[in-house]
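Enquirer: no sequence for this one, just the structure:
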């Protein structure tokens with residue numbers, strides 16, 4: 001983050017590393033229901049790895065708890081998701097907030113897994129890597145009656161748990177409406193790039209591995225591929241959804257995956273992206289006004305080469 005932070009952030013000593021340009025709207029000081037003082041700085045934040053500037057609100061409060069409503073189209077599920085500070089001292093990084101590749105993956109699953117009997121077998125499960133605080137794709141699987149394991153770093157899972165608790169009634173209601181049982185949801189800490197899977201993960205009968213917007217950083221490519229190679233077995237595949245940011249995503253598929261006996265198959269999701277666009281924030285709608293959304297959001301199916309021969 002190289003840009004200057006606004007004067008209020010500097011005064012409060014909360015802004016670390018900048019990344020914000022001053023907005024015309026002044027900072028505001030309020031108190032939440034618990035009486036905790038919160039200072040809100042409205043600013044333009046530029047993520048160093050994003051080639052498209054996104055307008056967000058930077059909160060310098062002890063905890064940033066903006067809520068985001070999300071109504072799924074593929075299944076009757078209405079979520080209310082807590083979104084946490086991306087840049088504060090208590091941030092857990094990009095896992096703090098919802099990225100729209102996660103929504104794309106969730107909508108694809110809502111359409112594709114309804115009739116896939118293998119995934120619904122008792123004792124099998126779906127596992128999401130790098131689920132973050134808003135694991136919408138995993139929540140969709142659970143609502144459809146599929147046992148789901150959500151994994152991320154330990155510090156991020158506390159936020160994941162809060163959003164699961166917040167949306168427990170919505171998940172139950174969705175399952176009942178579809179005439180299904182609610183799949184079991186469990187949280188497991190899992191770092192990438194280990195030589196062996198931890199015992200709780202190794203014992204699972206995983207049928208599908210989910211990954212959403214986790215390849216924006218080339219430094220993570222190798223350890224993600226190593227983890228996928230350990231997880232994928234015969235009759236198992238991974239689904240990787242991502243936004244194209246020109247940060248080396250294609251190299252992950254063409255160079256890194258083949259080194260780990262993995263191959264990809266591009267899946268057609270242009271229709272889903274076009275359906276979703278009207279429900280996305282207006283800045284994103286304006287961005288795509290003269291662009292093709294399917295060129296910016298991709299979904300790939302990953303399998304092991306040795307099991308496909």
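Expert: Happy to help now that I have it. If you're wondering where the values come from, they're calculated on a predicted model, not measured in any experiment.

Enquirer: where does the stretch 201-309 of the chain have low pLDDT?
Expert: In the predicted model of the stretch 201-309 of the chain, residues 307-309 satisfy pLDDT under 70.

Enquirer: kindly recompute the last result at 90.
Expert: Where the stretch 201-309 of the chain drops to pLDDT under 90, the residues are 233-235, 244-248, 270-271, 273-296, 305-309.

Enquirer: which residue ranges form the helices in it?
Expert: With helices called from DSSP state H, counting those that start in this stretch, the stretch 201-309 of the chain shows them at 221-231, 249-251, 270-276, 282-287.

Enquirer: looking at the ones you listed, which is buried most?
Expert: helix 221-231 (a mean of 19; mean count of other Cβ atoms under 10 Å). Heads up, the C-betas are built off the backbone N, CA and C, glycines and all.

Enquirer: can you list contacts of that one?
Expert: With Cβ atoms under 8 Å, 6 or more residues apart in numbering as the test, helix 221-231 has contacts from 127, 129, 190, 192-194, 196-197, 201, 206, 209, 211, 214-215, 238, 248, 251-252, 256-257, 259-262, 302, 304.

Enquirer: quick one: average confidence on stretch 140-152?
Expert: Regarding stretch 140-152, the rounded mean pLDDT is 95.

Enquirer: revised request: answer the last question for stretch 100-111.
Expert: 94.

Enquirer: need the strands for the stretch 1-150 of the chain, in chain order.
Expert: 20-22, 28-31, 37-45, 54-59, 66-71, 78-83, 124-129, 148-152 (DSSP state E, counting those that start in this stretch).

Enquirer: and residue 69, how many neighbours?
Expert: 8 (other Cβ atoms under 10 Å).

Enquirer: just the pLDDT for it.
Expert: Value listed for residue 69 in the pLDDT field: 87.

Enquirer: state the distance from it to residue 95.
Expert: With the distance defined as Cβ to Cβ, to the nearest Å, residue 69 ends up 20 Å from residue 95.

Enquirer: equivalent analysis for residue 141, please.
Expert: 19 Å.

Enquirer: how about residue 71?
Expert: Residue 71 is 23 Å from residue 95, where distance means Cβ to Cβ.

Enquirer: and these two? Which one has more around it.
Expert: More crowded of residue 71 and residue 95, by other Cβ under 10 Å: residue 95, with 24 against 9.

Enquirer: quick check: the more buried one vs residue 145, distance?
Expert: Residue 95 is 26 Å from residue 145, by Cβ to Cβ.
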